[in-house]
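S.K.: With the input below, show me the fold.
(one chain, ligands or ions: 2)
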Amino acid sequence: VRALIIVLGDQLDADASAFDGFDPATDQVWMAEVREESTHVWSSRIRIALFLSAMRHFANQLASLGRPLDYVTLDDAANTGSLAGELARALQRHQPQQVVMTAPGDWRVLQSLREATRQAGLTLEVRDDRHFFCTVREFAAFANERKGLRMETFYRMMRKQHRVLMNGDEPAGDRWNFDAENQQPFGPEGPGFLPERVGFAPDAITQEVIAMVAREFPEHPGSLEAFDWPVTREQALHALERFIEERLCDFGQWQDALWPDTPWLWHAHLSAALNLKLIGPKEVVSQAEQAWRDGRAPLASVEGFVRQVLGWREYVRGVYWTRMPALAQANALDAQQPLPPFYWTGDTEMRCLADALKHTLQLGYAHHIQRLMITGLYALLLGVRPTEVHEWYLSVYVDAVEWVEMPNTLSMSQFADGGAITSKPYVASGKYIERMSSGKYCADCAYRPDQRVGPRACPYTTLYWDFLIRHRARFARHPRLGAQVRNLDRLSNEEVSAITSQAEALKQGGDVKPVFIEDVRH
Ligand code: FAD
Ligand code: SF4
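M.R.: Ligands and ions are numbered 1, 2, ... in the order given. All right, here's what the predicted structure looks like:
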């Protein structure tokens, strides 16, 4: 074999750079399903099923393209269980002159594949991943030129460089940012009509994978019953088309809104397909822009969406690759609590948190504000060790891959890097959740978002004040958080110690079971 082409489970594109110059007469593709990728964190069964099913569908596509493929299945008796172990065996089998791959998304994987190749006396040729607008080198240059990293600066640079939503040198609509129109709560009537989410019934390949995952990973979290994620490029393109036609028009307005028992809302549900490379961000952004140019979606909404894909998604990737491996250990707030066990069951009295956890465990999905301002916020306020929070996020979501999950969790949600990419920690009390769900979550909850202490106090609210008390010195002069910290001056010493001891009880025992008194609304 001249070249062995490595294809990982999140590199499922036949046009990827690893295939440049591929010659079926002399070259060989190698793919392997390995247990370690599902156990190095306790991966949800939905996530495992998605990756394996998409890999098997891609293997069929390679076969139809006539590309020779060596594919090792998870239940192959000789499977060593690790990518490095399987690559070492493949190098023995094929004795290639070269080993080539598109840059992987995961720092740990790159190190282990490099080492396995080195041990075989070869070097690994790592090619740029064309699925992104910005290369890691370009991002590093951007970061080096500036003291503080800010997403907004990066995003504007990307818009100009790639000519997205631009009129000449000016942003379309003469504004870069439509947050004032976007990010509204629904109001008491709720979301009303919602377009039906597109799902894909498992075909024979997916059914076989689901049965194997149920057999091989019986103790892992997550339900396999509702599995209907896109696993091929055709399905992902169909999901993209439906999003552009049916949801994009209202995406921006409702992108931060919360409503109980309503996981999908106007979100795209495209992150898993994007992260597996079934579709690319360039086609997603260009279709969204075209919808605005054709008058099918308002500019504010399209800008809100483009900001996520061209802005945040590219930005966190750059942050990951320029900050690893130190980022993985960051713990600027010295958070040392364990993750509450109910993160794995959803068994909590907190209505909003139970709902987000239930969606997560049943669907492998929760939308951004549930991740940031419900599950993430609770862990931040409680002071959970960032590595445990990171491992939970990496386990439970279908779109979880480390380059995007880790900076979102450690930097954005847990402030573990001390503000290197966000200007302040995203802290809020239960009143934020009340506002963004138009009161709906809290109306059905045993707690009260405006109470700091007492049997009905909302744990978010107690912990919010406790967070400010604990980190008073650090944030007192902070330009954006300082005003929140100064509100502590209004509290008496008795109130401060009551908050501290109630927060301590939450740290010891999950949520305090509320005492039901006469006006609890259920
Ligand atoms: P939409 O809300 O419809 O957004 C459209 C697209 O924009 C998404 O598909 C995604 O590709 C991109 N996007 C939006 N927000 C972000 C963001 N903050 N960072 C990067 N891309 C973004 N996203 C992942 O893809 N994988 C993860 O493992 C992941 N972990 C997260 C962990 C935490 C703590 C937080 C706060 C966010 C995380 N996100 C992650 C970002 C975001 O929540 C998801 O991309 C989004 O919820 C996926 O659903 P959607 O496709 O319906 O997105
Ligand atoms: Fe969530 Fe607190 Fe509202 Fe209950 S009262 S739903 S815990 S914010």
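S.K.: Which residues are in contact with the spatially most central residue of the chain?
M.R.: Per Cα atoms, centre = their mean, the C-alpha nearest to the average position across the chain is that of E405, at 4.5 Å. E405 makes contact with H390, Y393, L394, Y397, according to Cβ atoms under 8 Å, 6 or more residues apart in numbering. C-beta coordinates here come from the backbone N, C-alpha and C atoms, glycine included.
S.K.: Give me the distance between it and ligand 2.
M.R.: Distance, E405 to ligand 2, by Cβ to the nearest ligand atom, to the nearest Å: 24 Å.
S.K.: did I read that right, that residue in a helix?
M.R.: Yes. Counting by DSSP: H, G, I helix; E, B strand; the rest coil, E405 is found in a helix.
S.K.: Among the contacts of E405, name the ones in helices.
M.R.: If you go by DSSP state H, the contacts of E405 have H390, Y393, L394 in helices.
S.K.: and of these, the nearest to ligand 1?
M.R.: Y393 (4.6 Å; Cβ to the nearest ligand atom).
S.K.: Which pLDDT value belongs to the closest one?
M.R.: Listed pLDDT for Y393 reads 98.
S.K.: In contact with it, which residues?
M.R.: The contact partners of Y393, by Cβ under 8 Å, 6+ apart, come to R371, A400, E405, N408, T409.
S.K.: Quick one: buried ones out of those?
M.R.: R371, A400, E405, N408, T409 (16 or more other Cβ atoms under 10 Å).
S.K.: Retrieve the pLDDT associated with the third one.
M.R.: To tie it back to what came earlier, the one meant is E405. Here the pLDDT value assigned to E405 is 98.
S.K.: again, but for the last one
M.R.: According to the per-residue confidence, T409 scores 98 in pLDDT.
S.K.: contacting residues around it?
M.R.: Taking Cβ under 8 Å, 6+ apart as the test, what T409 contacts is G376, P386, V389, H390, Y393, L394.
S.K.: So of those residues, which two are at opposite extremes in space?
M.R.: G376 and L394 (13.3 Å; Cβ to Cβ).
S.K.: quick one: which of the ones in helices among the contacts of E405 is nearest ligand 2?
M.R.: If you rank those by distance to ligand 2 using Cβ to the nearest ligand atom, Y393 comes first, at 19.6 Å.
S.K.: For A505, grab the count of nearby residues.
M.R.: For A505, the count of nearby residues is 13 (other Cβ atoms under 10 Å).
S.K.: Checking my notes, it in a helix, right?
M.R.: Yes. According to three-state DSSP, A505 belongs to a helix.
S.K.: Could you give the separation of the longest helix along the chain from the chain centroid?
M.R.: Ordering each helix of the chain by length in residues (DSSP H) puts helix 45-64 first. From the chain centre to the centre of helix 45-64 is a distance of 20 Å (Cα atoms, centre = their mean, to the nearest Å).
S.K.: Ok, stretch 479-494 next?
M.R.: A distance of 32 Å separates the centroid of the chain from that of stretch 479-494, by Cα atoms, centre = their mean.
S.K.: Any part of stretch 138-153 near ligand 1?
M.R.: No. Judged by Cβ under 6 Å from any ligand atom, stretch 138-153 and ligand 1 are separated, with a smallest distance of 9.2 Å.
S.K.: List of residues touching that stretch?
M.R.: Stretch 138-153 is contacted by residues 134, 154, 157, 176-177, 311-312, 314-315, 317-319, 321-322, 420-421, 423 when judged by Cβ under 8 Å, 6+ apart.
S.K.: In ChimeraX, how would I select just the buried ones from those?
M.R.: Here is the ChimeraX command that selects only those of the contacts of stretch 138-153 that count as buried (16+ other Cβ under 10 Å):
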select :134,154,176,311,312,314,315,317,318,319,321,322,420,421
